[in-house]
Each structure stands twice: as C-alpha cells, then as structure tokens.
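Undergrad: one predicted model, sequence on top.
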Amino acid sequence: MRHKNIKISLDKALDIIKKPITTEKSTNLQQFNQYSFVVSKNSNSFEIKNAIELIFKVKVNKVNTSILRGKGKTFKGQFGFRKDTKRAIVTLDEGNTIDSSLEIK
C-alpha cells in the first residue's frame, strides 16, 4: 500500500472534509464509533482517513464511501438535477471519539 505514508496539509484536509452529517441515522451510528461526513467528490479513502486523523486527532480504523446521485427537480418550470454528493462513514478505533460539538471551519 503506497498511500499509507502520504502526508497532507491542514488546508488540503479541510478541503476534503466538507461538513459532518447530523441526521438521526448518522447519530445512531455514533454508538458503534462511526461518524458520517460529506467529502470532496474527487477524494479517495486514504485521503479521507488522513484528513480525519489530522483534523480531529483520532485513529481511523476504516472508511466507507458512497456517491449519492443528484435527484431530478423542477424549479420554475425548468427541469434540472441536484448536485452529486460523496459521503464517507468513518469507523474509529476503540477509545477514540469525535466531539459532536466540533465544527469544521
């Protein structure tokens, strides 16, 4: 695995992690030490892992990603699509937690 030793800057990390997802479903995942984030579309799991470890100072065990396709919507008679978004569910090692009151700037 050649991606493990790549270091990223704090600016790049903040570009990768856009915002946390605070839904009821994602809140229920926190009891299993899993946290959800909206991330950059062109980032991969290794970059997401490094960004989370750098920003929140925790040890990441696993990263699962999914791309959600934008829904079709009609606005003022014009049909269009919402943007595609990429989400990451990050599993932390035992004993690591992310304070839910932390905001990403």
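TA: That came through, no problem. Numbering: from 1, shown residues only.

Undergrad: give me the phi and psi angles of the residue sitting nearest the centre point of the chain.
TA: Centrality entry for the chain: nearest residue to the mean C-alpha point is Phe37, 2.9 Å, by Cα atoms, centre = their mean. Dihedral angles phi and psi of Phe37 (degrees, to the nearest 10) take the values phi -140, psi 150.

Undergrad: that one against Lys86, yeah?
TA: No. The pair Phe37 / Lys86 is not scored as a contact, 9.4 Å apart, by Cβ atoms under 8 Å. Bear in mind the C-beta positions are built from the backbone N, C-alpha and C, glycine included.

Undergrad: returning to that earlier point: identify the bridge partners of the residue nearest to the centre of the chain.
TA: Pro20, Ala88 (DSSP bridges).

Undergrad: mind listing the strands for the protein?
TA: 17-20, 34-39, 60-68, 72-75, 78-81, 85-92 (DSSP state E).

Undergrad: how far away from the center of its chain is the helix ranked longest in the chain?
TA: Longest helix in the chain by number of residues (criterion: DSSP state H): helix 45-56. Distance of helix 45-56 from the chain centroid (Cα atoms, centre = their mean, to the nearest Å) equals 9 Å.

Undergrad: please identify the buried residues of it?
TA: Ser45, Glu47, Ile48, Lys49, Asn50, Ala51, Ile52, Glu53, Leu54, Ile55, Phe56 (16 or more other Cβ atoms under 10 Å).

Undergrad: that helix vs strand 34-39, what angle?
TA: 110 degrees (axes from the mean of the first three to the mean of the last three Cα atoms, to 10 degrees).

Undergrad: out of everything not next to it in sequence, what's closest to Ser40?
TA: Spatial nearest neighbour of Ser40, chain neighbours left out: Ile16 (5.0 Å); criterion: Cβ to Cβ, 6 or more residues apart in numbering.
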